[in-house]
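Colleague: below are the sequence and a predicted model for it; my questions follow.
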Amino acid sequence: MSEKKMSSSRKHNLKSLMLSVAKGLLEQEAKDREEERNRYMAESCPPLSLSGGLQELQELCKQLHQKIDKIDEERYDLESKVNKNANEIEDMKFKVIDLKGKFKKPALRKVRMSADAMLQALLGSKHKVSLDLRANLKQVKKEVKEEPLEAVGDWRKNIEDKAGMDGRKKMFETEG
């Protein structure tokens, strides 16, 4: 079949008709929304009458606070449902991607994690694994050799001076 081209005037005519229909639908939709809003406001918020005394105003405030609390609870419940559904949708998207076989690799972030934390994350919290590499190392004790501070003269002479009781007496006299 051969397709016939429309003339530009016909295209322009159809386009203007579609735009006028769309404009009418948008106006009707806006009018419906306004009517719905007015109906809801009349239903939810009765007209305010402040002709009463202090007691009536306090009662009105209490009623308004109760309504506010109720609406806040509903809003919180709806938010939690929306978040729960959003999480489920995200999980299902991943499942669909897995089933298709086209898995997009997420952008990985650099994470600083110790070896202990990594093993605990891999094995679960029930396994207490301690990877203390220093515990497996051999303990080596360093012996510090003290060198004499005074190395004056011949060592044989020092031995001879310190030999006997006279030498010990000289040691104590020179140290003090």
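Modeller: All right, it came through fine. These figures come from a predicted structure and were not determined experimentally.
Colleague: where are the low-confidence patches of this structure?
Modeller: 1-3, 49, 102-104, 125-136, 145-176 (pLDDT under 70).
Colleague: immediately after the longest helix along the chain, which helix or strand?
Modeller: In the chain, taking DSSP state H as the definition, the longest helix is helix 54-100. With elements assigned by DSSP states H and E, the helix or strand that comes after helix 54-100 is helix 115-123.
Colleague: now that next one: how far from the chain's centre is it?
Modeller: 20 Å (Cα atoms, centre = their mean, to the nearest Å).
Colleague: ok, now stretch 43-54?
Modeller: So, by Cα atoms, centre = their mean, the centroid of stretch 43-54 is 46 Å from its chain's centroid.
Colleague: show residues contacting it.
Modeller: Here stretch 43-54 makes contact (Cβ atoms under 8 Å, 6 or more residues apart in numbering) with residue 57. (Glycine included, C-beta is placed from N, CA and C.)
Colleague: again with stretch 14-24
Modeller: residue 6.
Colleague: repeat the analysis, applying 6 Å as the threshold.
Modeller: Residues from elsewhere that reach stretch 14-24 (Cβ atoms under 6 Å, 6 or more residues apart in numbering): none.
Colleague: re earlier: run the chain-centre distance for the longest helix of the chain.
Modeller: 22 Å.
Colleague: need the phi and psi values for residue 114.
Modeller: phi -70, psi 170 (degrees, to the nearest 10).
Colleague: from residue 27, how far out is it?
Modeller: Using Cβ to Cβ, to the nearest Å, residue 114 is found at 65 Å from residue 27.
Colleague: try residue 59
Modeller: From residue 59 to residue 27 the distance is 43 Å (Cβ to Cβ).
Colleague: what does residue 113 give?
Modeller: 60 Å.
Colleague: what is the neighbour count of residue 79?
Modeller: 10 (other Cβ atoms under 10 Å).
Colleague: sorry, that was for residue 118
Modeller: 13.
Colleague: so what's it up against?
Modeller: Residues in contact with residue 118 (Cβ under 6 Å, 6+ apart): none are found.
Colleague: how near is it to residue 112?
Modeller: 11 Å.
Colleague: residue 78 now?
Modeller: According to Cβ to Cβ, residue 78 and residue 112 sit 39 Å apart.
Colleague: so those two - more neighbours on which side?
Modeller: A direct count of neighbours by other Cβ under 10 Å for residue 78 and residue 112 places residue 78 higher, at 10 against 5.
Colleague: now the more buried one: how far from residue 85?
Modeller: 10 Å.
Colleague: and residue 60, how many neighbours does it have?
Modeller: Other residues close to residue 60 by other Cβ under 10 Å number 14.
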